[in-house]
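Chemist: give me a model of this one.
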Amino acid sequence: MNGILGTHEAVVYFRNYRDPSHPVGYLMLAPYSECRAPEGYDRCVARTIPEIVRLQDRLREQERDAALRDNLYDEAILGQRDAAHRSELYTRMVSNSTTPYERDFIRELLKLKDERKRKRYAEALAQHNLYLHALEMDAPKNRDADSEKVSLDRVHF
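Modeler: As a prediction, this is how the structure comes out:
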């Protein structure tokens, strides 16, 4: 807190206006306060609590959208492989050479695969993957916001 009611220590971030690797309007948090904006980005500052909350909401939305795109891509690629694998398992299950034990095992395995696709599991995974570092990874109290120092005691290798 900087002492002015309704304000907070400035949060510096960058907004894309030209970088083709991200959509226009894409936001990135600055690694430290005096960091220059990368090529194609505007340097922006959120000072008041409502501005910071809006920034957090936008970053959360951005992370959620990226995770959704990744999940759709994974489903498209892995869905074909899973369908082929399911077909192979079913063919083996109905084969005359399969023992009753193997048949039961494959039947239960196919049920388990169906259960994993339920919506509640997908939502739990999405929530877990949407962890936003901006909310949880506060700088230590003794760190100068303009420094690039890294405490190796806090980094897990």
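
Chemist: surely residue 27 touches residue 61?
Modeler: No: using C-beta atoms under 8 Å, residue 27 is not in contact with residue 61, being 9.7 Å away. (Glycine included, C-beta is placed from N, CA and C.)

Chemist: which one of these two has more residues nearby?
Modeler: Neighbours were counted for residue 27 and for residue 61 using other C-beta atoms under 10 Å; residue 27 has more, 17 against 12.

Chemist: show me what contacts the more buried one?
Modeler: Listed by C-beta atoms under 8 Å, 6 or more residues apart in numbering, the contact set of residue 27 reads 13-16, 55, 58-59, 62.

Chemist: residue 9 versus that one, what's the distance?
Modeler: Taking C-beta to C-beta, to the nearest Å as the measure, residue 27 falls 18 Å from residue 9.

Chemist: likewise residue 39?
Modeler: 27 Å.

Chemist: for the longest strand along the chain, buried residues please.
Modeler: What stands out as the longest strand in the chain, according to DSSP state E, is strand 7-16. Buried residues in strand 7-16, counted by 16 or more other C-beta atoms under 10 Å: 10-16.

Chemist: okay, now residue 106: neighbour count?
Modeler: Neighbour tally, residue 106, other C-beta under 10 Å: 19.

Chemist: name the element it belongs to?
Modeler: helix 100-116 (DSSP states H and E).

Chemist: alpha carbons of that helix, as PDB, please.
Modeler: C-alpha atoms of helix 100-116 as PDB (Å, rounded to 0.1, in the frame of the first residue of the first chain):
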ATOM      1  CA  PRO A 100     -13.800 -64.400 -19.400                       C
ATOM      2  CA  TYR A 101     -11.400 -62.600 -17.000                       C
ATOM      3  CA  GLU A 102     -10.000 -60.500 -19.800                       C
ATOM      4  CA  ARG A 103     -13.500 -59.800 -21.100                       C
ATOM      5  CA  ASP A 104     -14.600 -58.500 -17.700                       C
ATOM      6  CA  PHE A 105     -11.400 -56.500 -17.300                       C
ATOM      7  CA  ILE A 106     -11.800 -54.800 -20.700                       C
ATOM      8  CA  ARG A 107     -15.500 -54.100 -20.000                       C
ATOM      9  CA  GLU A 108     -14.700 -52.400 -16.800                       C
ATOM     10  CA  LEU A 109     -11.800 -50.500 -18.400                       C
ATOM     11  CA  LEU A 110     -14.200 -49.200 -21.100                       C
ATOM     12  CA  LYS A 111     -16.600 -48.100 -18.400                       C
ATOM     13  CA  LEU A 112     -13.800 -46.200 -16.600                       C
ATOM     14  CA  LYS A 113     -12.900 -44.400 -19.800                       C
ATOM     15  CA  ASP A 114     -16.500 -43.300 -20.200                       C
ATOM     16  CA  GLU A 115     -16.600 -42.000 -16.600                       C
ATOM     17  CA  ARG A 116     -13.500 -40.000 -17.000                       C
END
